[in-house]
Every structure is written in C-alpha cells, then in structure tokens.
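Student: fold the following and give me the result.
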Amino acid sequence: MQTEQLVDWLKLNVDWTRYCKLVDAIGNELNERKLRFDKSDLFERSLEVFSNGAMRYVNREGVDHEITNGPTVEMKFTDGALFTQKGKLKKHIADLQLMNSRGSSAGRELPENYADFLLICDSRSAAVVDKQTLKQYVVDAGDGLKTSKMPPNAVQFVFTPADVQFDKLNEIYSYRQAKEQMQLDYLSKF
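Tutor: The predicted structure is shown next:
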C-alpha cells in the first residue's frame, strides 16, 4: 500500500469526528506522569474502535496497529504537532519521540520491524509518513530516537482542522474518575 492509498483508507474507515471528540473530552486530564500511558493507550485503542475493528490495535514495539490485509502503523499523538492553536500549518512538525532505548541510542536506526507508516495525530489533524521518508528525519535523542525538523511536505494529511467540525459533548466523561472507581471496585473483591 502506498501512502496515498493509506490516507484514502484512513479517511474512509476511521471516524475522525469521534476521535476529535475523545481528544477534546480528555483535554489535559491525563497529562500527569502516571497517567500519560493511559492517555496514549486510549488514543491508540480508539482507532480500533472508531474503525469498527478494521485498524486492529496490536501494541507491539514500533507497531501500534495492523490494518486488515494491509500495512502496519505506529501512532504518535502530540497536541500542536501539525498545526498551531489558530489552525496554521507549522513550519516543522513537532519533534516526536519514536523509540526509547532506556540507554544510549548513539548509532541506532529505526529497526526493520518498525511500522510501515507513522501516523502523526494532533488534537484536530492527522498525517501519515512512510518509513523510508521518516528515516530521513530520525536523529539520536540520547536515550532513544526522535524526529527532527520534519517539514510538512514530508507527510500527507488525513484531515486538517478545517475538515472536522463537531459539537462539544454536553457531558464530559472523566477517565480519571472512572479509573479510580474501577480500582476501588476491583479492590473490594478481596
């Protein structure tokens, strides 16, 4: 599958309005150190739900999703990664932590088993870059690999802030409160 084909597939098969509602509802609630993993799990798993299972969440190192009969995809979310708060395209895509080596990454490259495509998600936009193009912008980050100074013309957009309009939820569902209640419910069994 070529990048253009994947972009078309994502446009057709993922409900990006639901994704944007989720991101909006979570807001800053899960930005604390202990909760950031929950935030990434929710955003990554949401694509399986919002694609009716066509984009299967696999959660392997360097691969978050497998598309049925198609490529593998790694997803990275950073608010403001692609566009400014005012909806202007950024000069460079935000630097993204791709891998954490838990030690020095000097001389390392993306492993062969890294996903075929990187899906870069923002709160109101998403874009795709293929692995070969991505490699041109990967640098040593001391304890891992990250992107650096990737220009917007290196990616293809799935949607932009102008493409998605939605009504804010009347009732915000707090993931943090739901998690705390689930833990209490679980502990009450012992």
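Student: quick one: contacts for E66?
Tutor: 55-56, 58, 72-73 (Cβ atoms under 8 Å, 6 or more residues apart in numbering). (Each C-beta comes from the backbone N, C-alpha and C, glycine too.)
Student: I'd guess it is in a strand, am I close?
Tutor: Yes. Under DSSP: H, G, I helix; E, B strand; the rest coil, E66 sits within a strand.
Student: tell me where the model's unsure across the protein.
Tutor: Along the chain, segments meeting pLDDT under 70 span 101-107, 170.
Student: residue ranges of the helices in it, please?
Tutor: For the chain, the helices defined by DSSP state H cover 3-13, 16-26, 36-49, 131-135, 175-187.
Student: quick one: contacts of the third one?
Tutor: When contacts are defined by Cβ under 8 Å, 6+ apart, helix 36-49 is touched by residues 14, 18-19, 22-23, 26, 30-31, 55-57, 59, 64-65, 75, 77, 121, 175, 179.
Student: 10 Å instead?
Tutor: Helix 36-49 has contacts (Cβ atoms under 10 Å, 6 or more residues apart in numbering) with 10, 13-16, 18-19, 21-23, 26, 28-32, 54-59, 64-66, 73-77, 119, 121, 126, 175-176, 179.
Student: gap between the two ends of stretch 11-18?
Tutor: One end of stretch 11-18 sits 13 Å from the other (Cα to Cα, to the nearest Å).
Student: how far away is the closest residue to Y57 other than its chain neighbours from Q136?
Tutor: Closest residue to Y57 apart from its sequence neighbours, by Cβ to Cβ, 6 or more residues apart in numbering: E48 at 4.1 Å. From E48 across to Q136, the span is 30 Å (Cβ to Cβ, to the nearest Å).
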